[in-house]
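Participant: this is a predicted model, with the sequence first.
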Amino acid sequence: MNIVKALRIFFTLLLATAAIGKLLDIQGFYAIVANYDLLPRPIAPIVAWMLVFGEFSLAVWLGATLTGRAKPRRAALCVVLLHLVYFVWITIALARGLNISNCGCFGIYWPRPLSQATLFEDAALIALAVFMLFRSPLNGLTTAEQPPQTQLQKQPQKQPQH
C-alpha cells in the first residue's frame, strides 16, 4: 500500500469517527460549538450540523476515492480546507484566551481541553492533508492502485482487412 492510499484511509476513518462522535450527542456538540463564542448562540446548532454533515460526507467521498469512483485530488483539497477552518477557529479561541474544557474534535465522547497541543495536532493534520493533495492523482486511482492488466488487454487489436 502506498502512503497516499494510507492517508486516504486514515482521513476517512478519522472524519467518520469524528462525525459519529459528534452525532451521538448532537445537543452536547451544539454546546461545544457555542462555547467557542465565535457565532451568535442561536446559529450554533446549524453550524454543528454543518460540521457533522461535512465531516461525514467527506469521509464517504474519501472512501469512494479508494475504489476509483471519486476524484481523490478534489477530496484531498476539501480535507485541507476543512482543517484550515478548524485551525483558524482554534487559533482565534486560543488568542482570545478562552478556557474550553472540550475542544469538540470527537464530540463529547473524547473530551480534551483546547490547548496549544490541539493547534499543533491540527497543523500536523493540515501538513498530511497537503501532502495527500499534491500526491493524489487528478482522476481515479494512482498507477500503483490500478488493477493488473490481463494478457488480452495488453495485446493490440488487429485491424480488419478489407
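Facilitator: Right, received. Where do you want to start?
Participant: what about the strands in this protein?
Facilitator: Remark: strands assigned in the chain by DSSP state E are 105-108.
Participant: spatially nearest residue to the spatially most central residue of the chain (excluding sequence neighbours)?
Facilitator: By Cα atoms, centre = their mean, the chain has its centre lying nearest to Val79, at 4.1 Å. Among residues not flanking Val79 along the chain, Ala129 sits closest, at 4.4 Å (Cβ to Cβ, 6 or more residues apart in numbering). In short, each C-beta sits where N, CA and C put it, glycine included.
Participant: and what of Gln116?
Facilitator: Leaving aside its sequence neighbours, Gln116 sits nearest to Leu94 (Cβ to Cβ, 6+ apart; 7.0 Å).
Participant: next: Ala76.
Facilitator: Leu133 (4.0 Å).
Participant: what's the neighbour count on the one you found?
Facilitator: Number of residues near Leu133 (other Cβ atoms under 10 Å) recorded here: 20.
Participant: sorry, back to before: pull up the gap between the residue nearest to Val79 and Trp89, please.
Facilitator: Ala129 is 16 Å from Trp89, where distance means Cβ to Cβ, to the nearest Å.
Participant: looking at those two now, which is surrounded by more residues?
Facilitator: Neighbour totals were compared for Ala129 and Trp89, and Ala129 leads with 22 against 18 (other Cβ under 10 Å).
Participant: that'll do, ta.
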